[in-house]
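Undergrad: how does the following fold in three dimensions:
(4 chains)
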There are 2 protein chains.
Amino acid sequence: MKGYIGEFEELVLLTIASLGEDAYGVSIQENIEKISNRSISIGALYSTITRLEEKGLTKSWLGEPTQERGGRRKRYFEITHQGKLSLHHVKDLRDALWKLSKANLSLAK
Amino acid sequence: MKGYIGEFEELVLLTIASLGEDAYGVSIQENIEKISNRSISIGALYSTITRLEEKGLTKSWLGEPTQERGGRRKRYFEITHQGKLSLHHVKDLRDALWKLSKANLSLAK
DNA sequence: ATTTATTACTTCTGAATAGTAGAAACATAT
DNA sequence: ATATGTTTCTACTATTCAGAAGTAATAAAT
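TA: This is a model prediction of the structure:
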């Protein structure tokens, strides 16, 4: 166990949080693709979520069948308190580094 | 080529930027350990920097010998314009996601 | 000139994270 | 019952990172 979260893990956590009540596999995938303008595979998403759940950063449960065209029951995801702590932690670190290096990161010529 | 940067790559880029004129292997390592309170391996750092340089996000050159007790010449690193763009890009994405999910990430009970 | 100390860089292996391909489960429509 | 749409899940491959060990370059001490 490495103890910190990877780039994709963080992206998935943030997306789950932003989706609130409607976070399940496909909606998470679509949302990431929409906001990051990058296509991600559903398999990569599930293996990442499995890892996040093993680390205690997310939890999940099966929803009830819906009236739609078809499809298996959805598995809904939610970020845990520990997951929120992890996100705050990496954000604080990055904000601190940005503050320190702001002058050196200007895009002006 | 993946097109985006990983967690550790981002940390290294930010640290190089924050160090300005004095960014070389050992100083980068020490600074990351100091600010993130996590010990990083010098080997992982060098392989990551090699990758960043291949992607055009950093550049480097050998410094002159110094007046110290001994020791090999330092290799100095600097972030390129493209590297800055990458950092701004991931920051913008994260800021947008935080904004969207702020209410769901509160730590209050 | 040879040895020794110091600083920095490089290589290698195993583990953790990221990504791919496609099968399986479930539901509706014809 | 067969076909089709929607979602989840599994097995496999690739990339990145940690940790340990070692190599290279430089200068002081002898």
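
Undergrad: so where's chain A uncertain?
TA: A:1-2, A:66-71, A:109 (pLDDT under 70).

Undergrad: mind naming the longest helix for it?
TA: Ranked by residue count under DSSP state H, the longest helix found in chain A is helix A:81-101.

Undergrad: alpha carbons of that one, in CSV - could you do that?
TA: Extracted C-alpha coordinates of helix A:81-101, given in CSV (Å, rounded to 0.1, in the frame of the first residue of the first chain):
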residue,chain,number,x,y,z
HIS,A,81,-15.2,10.5,5.3
GLN,A,82,-11.7,9.1,4.8
GLY,A,83,-12.0,9.7,1.1
LYS,A,84,-12.8,13.3,1.7
LEU,A,85,-9.9,13.6,4.0
SER,A,86,-7.6,12.2,1.3
LEU,A,87,-8.9,14.7,-1.2
HIS,A,88,-8.5,17.6,1.2
HIS,A,89,-5.0,16.4,1.9
VAL,A,90,-3.7,16.3,-1.6
LYS,A,91,-5.5,19.6,-2.4
ASP,A,92,-3.8,21.3,0.5
LEU,A,93,-0.4,20.1,-0.6
ARG,A,94,-0.9,21.2,-4.1
ASP,A,95,-2.2,24.6,-3.1
ALA,A,96,0.8,25.1,-1.0
LEU,A,97,3.2,24.2,-3.8
TRP,A,98,1.3,26.5,-6.2
LYS,A,99,1.7,29.3,-3.8
LEU,A,100,5.4,28.7,-3.5
SER,A,101,6.0,28.6,-7.2
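
Undergrad: what about the spatially most central residue of chain A, which helix or strand?
TA: In chain A, the residue lying closest to the centroid (Cα atoms, centre = their mean) is A:V12, at 1.6 Å. For A:V12, the element it lies in under DSSP states H and E is helix A:7-19.

Undergrad: near A:G63, how many other residues are there?
TA: A total of 11 residues lie near A:G63 under the criterion other Cβ atoms under 10 Å in any protein chain shown. Every residue, glycine included, has its C-beta placed from N, CA and C.

Undergrad: ok, and the closest non-adjacent residue to it?
TA: A:K74 (4.4 Å; Cβ to Cβ, 6 or more residues apart in numbering or on different chains).

Undergrad: any idea how far that neighbour is from B:G56?
TA: 42 Å (Cβ to Cβ, to the nearest Å).

Undergrad: who has more neighbours out of those two?
TA: With neighbours defined as other Cβ under 10 Å, A:K74 and B:G56 compare such that A:K74 has more, 19 against 12.

Undergrad: gap between the closest residue to A:Y24 other than its chain neighbours and B:W98?
TA: Closest residue to A:Y24 in three dimensions, ignoring its sequence neighbours and counting by Cβ to Cβ, 6+ apart: A:K74, at 4.2 Å. A:K74 sits 26 Å away from B:W98, going by Cβ to Cβ.
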